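Trainee: Structure of the sequence below:
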Amino acid sequence: MCIRDRGVAVVSLTMKDFTLDPAGPRYVGGRTVVVHASGGTKVACGVIEPLAGAEVVTIARYPGWSGKEKVLGMMLEKQVGSSSVHFKGMLVGLEPSVTGGYHVHTGVGGCSSGEAVDGAGPPHYYDTTTDPWTVVQYSSDTQGVAIVSQAMSDFSLYASLSVYGHAIVVHQNGGARSGCGVIGSTSSKYPGVVPSLSVYPEYTGGLRVHGMLSMMSSGSGSLRIRGVLAGLEVSTSGGWHIHSGFGCSAATGAGSPGPPVF
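Mentor: This next block holds a predicted model:
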């Protein structure tokens, strides 16, 4: 789905002869991804990071949700120390200019039904006397986009009170459930992520593009890329490419001048 009138685009592409296997052909780890406006101007930049000690979640429609908002997004869950998980990402298709919640739920049955999301216990996943998720919120902008960043102590990815396999549920402003994704639902031998995008060096225009890209490869020379971009020009098309550079602090580091990777 592309919410073109809000400047949002969904990325889904498989590229042959590229990989995140360090021993494979055309290794892209550490390379830059550059987003172009419709006229070709470079507007945003991010770096491909091999995914270690972290998980990426894709948010899609909650089962049974029939409202007009079509919530999508991606979140990166990263272990911080021994007893904290940091949630970072972007949600799109929300109600404009509101606050709402996003929480890890008890069930480990996926997002196929409300029963699978909640399991047999209370909806939210925790083991303390008070629910730590009630205060976790996003704030959407006028285009229904929210950038989220939240550290949750006393949780882990794979050890004590592990969030792996649990669902993240996104709620509307009034509490209705509209989005859902499973932490660790997609496995890959060689995963990677572009966790965020920054303004392309030397770009002085008014676009402020945000986004996250998830990458997966088996080592066989095929790279699967999925993601969400927001803050784009409305109702148009543009390009995004893997460039030859290794950083976004300067145009030369991002691979300009020069062609895309290889």
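Trainee: Give the burial count for Gly205, as a bare number.
Mentor: Neighbour count for Gly205, taken as other CB atoms under 10 Å: 11. For the C-beta atoms, the positions are set from N, CA and C on the backbone; glycine is no exception.
Trainee: and the gap between it and Val33?
Mentor: 19 Å (CB to CB, to the nearest Å).
Trainee: all helices of this protein, in order?
Mentor: 114-118 (DSSP state H).
Trainee: what's the residue closest to the geometric middle of it?
Mentor: Met74 (2.5 Å; CA atoms, centre = their mean).
Trainee: How about the nearest residue to that one once chain neighbours are set aside: which residues does it bridge to?
Mentor: Nearest residue to Met74 in three dimensions, chain neighbours excluded: Met212, at 4.2 Å (CB to CB, 6 or more residues apart in numbering). Judged by DSSP bridges, the bridge partners of Met212 are Val228.
Trainee: surely Met212 meets Ser196?
Mentor: Yes: under the criterion of CB atoms under 8 Å, Met212 makes contact with Ser196 at 6.6 Å.
Trainee: dump the residue contacts of the residue nearest to the centre of the chain.
Mentor: 56-59, 89-90, 212-214, 226-228 (CB atoms under 8 Å, 6 or more residues apart in numbering).
Trainee: before we move on, what about Pro50?
Mentor: Contacts of Pro50 by CB under 8 Å, 6+ apart are 20, 29, 190-192.
Trainee: give me that answer again for 6 Å
Mentor: 29, 192 (CB atoms under 6 Å, 6 or more residues apart in numbering).
Trainee: got it, and Gly107?
Mentor: By CB under 6 Å, 6+ apart, the neighbours of Gly107 are 116-119.
Trainee: Same question for Gln172.
Mentor: Gln172 neighbours (CB under 6 Å, 6+ apart): 100, 178.
Trainee: what about 10 Å?
Mentor: 62, 65, 67, 69, 71, 94-95, 98, 100-101, 178-179 (CB atoms under 10 Å, 6 or more residues apart in numbering).
Trainee: Gly40 too?
Mentor: Gly40 sits next to 238-239 when contact means CB under 10 Å, 6+ apart.
Trainee: what about the residue nearest to Trp65 when sequence neighbours are not counted, neighbour count?
Mentor: Spatial nearest neighbour of Trp65, excluding adjacent residues (CB to CB, 6+ apart): Ser178 at 4.9 Å. When neighbours are defined as other CB under 10 Å, Ser178 has 23 of them.
Trainee: With the one 4 residues further on instead?
Mentor: As a burial measure, the neighbour count of Val182 was computed by other CB under 10 Å and equals 23.
Trainee: and it, what does it touch?
Mentor: Contacts of Val182 by CB under 10 Å, 6+ apart are 55, 57-59, 107-112, 116-117, 164-168.
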